[in-house]
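Chemist: just a sequence and a predicted model for now, questions to come.
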Amino acid sequence: MEEVIRLEGVKKYYEVRSGLLGSKILKALDGVTLSIRKKETVAVVGESGCGKSTLGRVSLRLLDVTDGRVFFKGQDISMMREEELRAKSFRKKMQIIFQDPYSSLNPFMRIGDIVAEPLEIHGYRREEIREAVYRALEDVKLVPPEEFVNRYPHELSGGQRQRVNIARALVLGPEYIVADEPVSMIDASSRAEILLLLKSIRDSREMGVLYITHDIATARYVSERVAVMYLGEIAETGLTTSVLKTPIHPYTILLLNSVPEPDPANRRRRRPVIKGEPPSPLNPPSGCKFHTRCPVAIERCRIEKPALTEYLPGHFVACHRAEEIMRGALSVT
Ligand code: SF4
């Protein structure tokens, strides 16, 4: 399948002023390489502050890159200005679904107008707008659309509001969507439905999806590939089946340990989980950034940064002890 988005060595740095001490550099993304194909979902997983939302926004060019390149279907869009992104239709082809279905919808606008707004901004004709709005509402299963177009957000459930958000993202016919924690604020009973819906729309519209989540367990259900991030870098990436079945990086192993065990018989078995908060990205640890929390860190980890290396087919890990962990000579749990 054709590649929709490709990030190559992307860095996003911010200069943060800190009183009399002058300024410091915050490395929100520090050399990330990632690609997403049509009909593929790549889940980006990590704790808050790891850079996953920044990654989503940089891939959409909602943020400028400090270094590295962003390609949309082979075209380098890293340095394009806003006018060029609009004129060449990149803005239409790349959309985002936000986390919060409550605050992201204007309470005074009808559903039909909310979904139509992006089309109006892009200068579509009335008839085209009506057709596209109805199609998008049908795609997100708010049917029949004529029953929903005149309603207001407060008349809908949380799950339905998130469907409106998805419809609004779809209405311009995007080929790439960033879904930033799209189900974290809706009730558990609607979550699976929304995730299944996203997957079926992705396939019927042949889109590529970047799915951002702090919950590694949901990556299993939505993604073909996964990238685990820690302090602005990819710690482990590969096919979701491979990474979740054979996690190698200690951080991934500990993240998976913190997922609640569905089988009550296993629930009592205590497994080590990740401790403490991630260090400040303003003051990241030297060498392997995970060494301050890693239970199997050695002296080398403090000094030398591990390179992302392929240990299984298409499965890459940045850890000095990956080989020992893989052959079972070293246990993280
Ligand atoms: Fe832990 Fe060292 Fe591997 Fe980093 S490189 S994850 S500190 S063992």
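Modeler: It's in.

Chemist: so the residue nearest to the spatial centre of the chain: helix, strand or coil?
Modeler: By Cα atoms, centre = their mean, the chain has its centre lying nearest to residue 212, at 2.3 Å. Put simply, residue 212 is strand when judged by DSSP: H, G, I helix; E, B strand; the rest coil.

Chemist: how about the residues of the protein by the ligand?
Modeler: Residues of the chain lying close to the ligand by Cβ under 6 Å from any ligand atom are 249-250, 288, 290-291, 294, 296-297, 301, 306, 319-321. Heads up, the C-betas are built off the backbone N, CA and C, glycines and all.

Chemist: who's the residue nearest to the centre of the chain bridged to?
Modeler: residue 44, residue 180 (DSSP bridges).

Chemist: next, the contact list for it, please.
Modeler: By Cβ atoms under 8 Å, 6 or more residues apart in numbering, the residues touching residue 212 are 43-44, 52-53, 55-56, 178-181.

Chemist: mind giving me the PyMOL command for buried ones among the residues of the chain next to the ligand?
Modeler: A single PyMOL command selects the buried members of the residues of the chain next to the ligand (16 or more other Cβ atoms under 10 Å):
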select buried, resi 249+250+288+290+291+294+296+297+301+306+319+320+321
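
Chemist: the residues of the chain next to the ligand in helices, which ones?
Modeler: 250, 301 (DSSP state H).

Chemist: can you give me the strands in the protein?
Modeler: 3-17, 23-37, 40-45, 67-72, 75-76, 94-97, 176-180, 208-213, 225-230, 233-239, 309-312, 315-317 (DSSP state E).

Chemist: could you tell me how many residues sit around residue 191?
Modeler: Using other Cβ atoms under 10 Å, residue 191 is surrounded by 17 other residues.

Chemist: cool, residue 304 as well?
Modeler: 12.

Chemist: give me the nearest residue to it, chain neighbours excluded.
Modeler: residue 287 (5.4 Å; Cβ to Cβ, 6 or more residues apart in numbering).

Chemist: what is the burial count for residue 56?
Modeler: 21.

Chemist: okay, residue 184: pLDDT?
Modeler: According to the prediction, residue 184 has pLDDT 82.

Chemist: and stretch 80-96, average pLDDT?
Modeler: The model assigns stretch 80-96 a mean pLDDT of 94.

Chemist: over to stretch 60-77?
Modeler: In the prediction, stretch 60-77 has an average pLDDT of 97.

Chemist: next one: phi and psi at the residue nearest to residue 304?
Modeler: phi 60, psi -130 (degrees, to the nearest 10).

Chemist: got the contact list for residue 27?
Modeler: Counted by Cβ under 8 Å, 6+ apart, residue 27 has contacts 11-13, 231-232, 281, 284.

Chemist: tell me the one of the residues you listed nearest residue 123?
Modeler: residue 12 (31.6 Å; Cβ to Cβ).

Chemist: next up, the contacts around the closest one.
Modeler: 27-29, 51, 54, 58, 63, 65-66, 232.

Chemist: which residue is the nearest non-sequential neighbour of it?
Modeler: residue 29 (4.1 Å).

Chemist: likewise for residue 134?
Modeler: residue 145 (4.4 Å).

Chemist: any low-confidence regions in the stretch 201-333 of the chain?
Modeler: 261-271 (pLDDT under 70).

Chemist: and the longest helix for the chain?
Modeler: With DSSP H as the criterion, the chain gives helix 188-204 as its longest helix.

Chemist: was I right to think the residue nearest to residue 12 contacts residue 51?
Modeler: Yes: assessed by Cβ atoms under 8 Å, residue 29 is found in contact with residue 51 at 5.0 Å.

Chemist: which residues do the two both contact?
Modeler: Contacts common to residue 29 and residue 51, judged by Cβ under 8 Å, 6+ apart, are 12, 232.

Chemist: these two: which has the busier surroundings?
Modeler: residue 29 (29 against 24).

Chemist: distance check, the more buried one against residue 63.
Modeler: 9 Å (Cβ to Cβ, to the nearest Å).

Chemist: what sits in contact with each of those two?
Modeler: Contacts common to residue 29 and residue 63, judged by Cβ under 8 Å, 6+ apart, are 12, 54.

Chemist: what about residue 129, how many residues close to it?
Modeler: 20.
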